[in-house]
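1. Predicted model and sequence follow; I will ask about them next.
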Protein chains: 2
Amino acid sequence: MTSPQPRADLTEETRNRLATKLGAAGLRVTEPRLRLAHLLFRHGNRHVTAEALLDEAHASGLRVSQATVYNTLNQFQAAGLLRQVQVDQARSYFDTNIDVHHHFYVEGEARLIDIAADAVDVARLPDSPAGYDVDRVEVIIRLDKSDRS
Amino acid sequence: MTSPQPRADLTEETRNRLATKLGAAGLRVTEPRLRLAHLLFRHGNRHVTAEALLDEAHASGLRVSQATVYNTLNQFQAAGLLRQVQVDQARSYFDTNIDVHHHFYVEGEARLIDIAADAVDVARLPDSPAGYDVDRVEVIIRLDKSDRS
DNA sequence: AATAAAATTAGAATGATTCTAAGGCTATTT
DNA sequence: AAATAGCCTTAGAATCATTCTAATTTTATT
Ligand SMILES: [Mn+2]
Ligand SMILES: [Mn+2]
Ligand SMILES: [Zn+2]
Ligand SMILES: [Zn+2]
């Protein structure tokens, strides 16, 4: 019997796809970036901290430094491949979902859940102060454990 | 001519009002708390960082430590006298406006502007995940400088 | 006044993130 | 296929907001 394959492999085809993605974003294609991109993007959308990504990288056999993880996350974000979500006073979350969307956040559980843009209706917005334009409208729904479960 | 009075004075009447407020919130009335409360609440609503409040305290002649400023802000928040706003990865803002409301945030200028709750119409919300209740809905409108000023 | 409990504080510790500056890779040019 | 120049990566130090510790000071109670 074959061994289970819990993680998507970084095939040559995937490497090519990711290399194209990095190139299109104006980033050079390097091994660390390619493999971090694979970890980030292989399985649908996710919210990840720098620490979690570093652990994952190490678990996958990639020997990469903390600085590179931070650099890569920041570069991916600057290039528009990731977006940063600010919900917790302690740490930053990086979001692989760069479409317009919103979040549930469970405080104390450090858990972010996507809300599709069309599931929230922000019907009316006030005018922006003179000289400023709206960059992004963010809705964060903070959750509590139910009163009685 | 009388000297200008740029800051509201901490009169006996104000002290009594603030003492009542602290007492109602379950906090003991102490000189540092009274005077920090005065700085926080004397002039309408505001958004303040711990560092800014410490500077203000010192400028007003209150000799208080950084630890006390942090303790006081955290206690006021836990007591419901302040609310914390999380918009910047670097630092926390404390908001004296505890009513339901929203914010404009100008990145790079570290500036928060209140939006009255009724100026935004969040018409429809998705159901919360099972076992969780909505604690608070937060709308943050991130602003950019206009394209051409 | 004596006592106990809570508050304040200086300074150290923490922890996420950034910086430095040195060596390693990549792409380009000869 | 060198040689070159410009990124990239990295270990470790630095930064900086915030929290913690342990000792002192205040406040409230007896
Ligand atoms: Mn950055
Ligand atoms: Mn706290
Ligand atoms: Zn998301
Ligand atoms: Zn506000």
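-> Yep, it's here. Ligands and ions are numbered 1, 2, ... in the order given.
2. is chain B contacted by the one helix or strand in chain A whose mean pLDDT sits lowest?
-> Lowest by mean pLDDT, DSSP states H and E among the helices and strands of chain A is strand A:121-124, with a mean of 90. Yes. Strand A:121-124 reaches chain B (CB under 8 Å from any CB of the partner chain) through A:121-124. For glycine as for every other residue, the C-beta is placed from the backbone atoms N, C-alpha and C.
3. A:Asp99 against A:Ala117, yeah?
-> Yes. Between A:Asp99 and A:Ala117 there is a contact at 6.9 Å, judged by CB atoms under 8 Å.
4. and these two? which has more neighbours close in?
-> Using other CB atoms under 10 Å in any protein chain shown, the more surrounded residue of A:Asp99 and A:Ala117 is A:Ala117, with 14 against 10.
5. Could you find the closest non-adjacent residue to that one?
-> Once flanking residues are discounted, A:Ala117 sits nearest to A:Val100: 4.5 Å by CB to CB, 6 or more residues apart in numbering or on different chains.
6. pLDDT score for that neighbour?
-> Confidence at A:Val100, expressed as pLDDT, is 94.
7. what about chain A, any weak spots by pLDDT?
-> Counting by pLDDT under 70, chain A shows low-confidence ranges at A:1-7, A:148-149.
8. Nearest residue to the middle of it?
-> The centroid of chain A falls nearest to A:Asp95 when counting by CA atoms, centre = their mean (2.1 Å).
9. Those residues of chain A touching DNA strand D, which are they?
-> Residues of chain A lying close to DNA strand D (CB under 7 Å from any atom of the strand) are A:27-28, A:30-33, A:63-68, A:71-72, A:89.
10. Just the buried residues out of those residues, in ChimeraX syntax.
-> Here is the ChimeraX selection string for the buried members of these, based on 16 or more other CB atoms under 10 Å in any protein chain shown:
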select /A:27,32,33,64,68,72
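11. what's next to the lengthiest strand in chain A, contact-wise?
-> The longest strand of chain A (DSSP state E) is strand A:132-145. For strand A:132-145, the external contacting residues (CB atoms under 8 Å, 6 or more residues apart in numbering or on different chains) are A:87, A:100, A:102-107, A:115, A:120, A:122, A:125, A:128, B:104, B:106-107, B:122, B:125, B:128-129, B:131-147.
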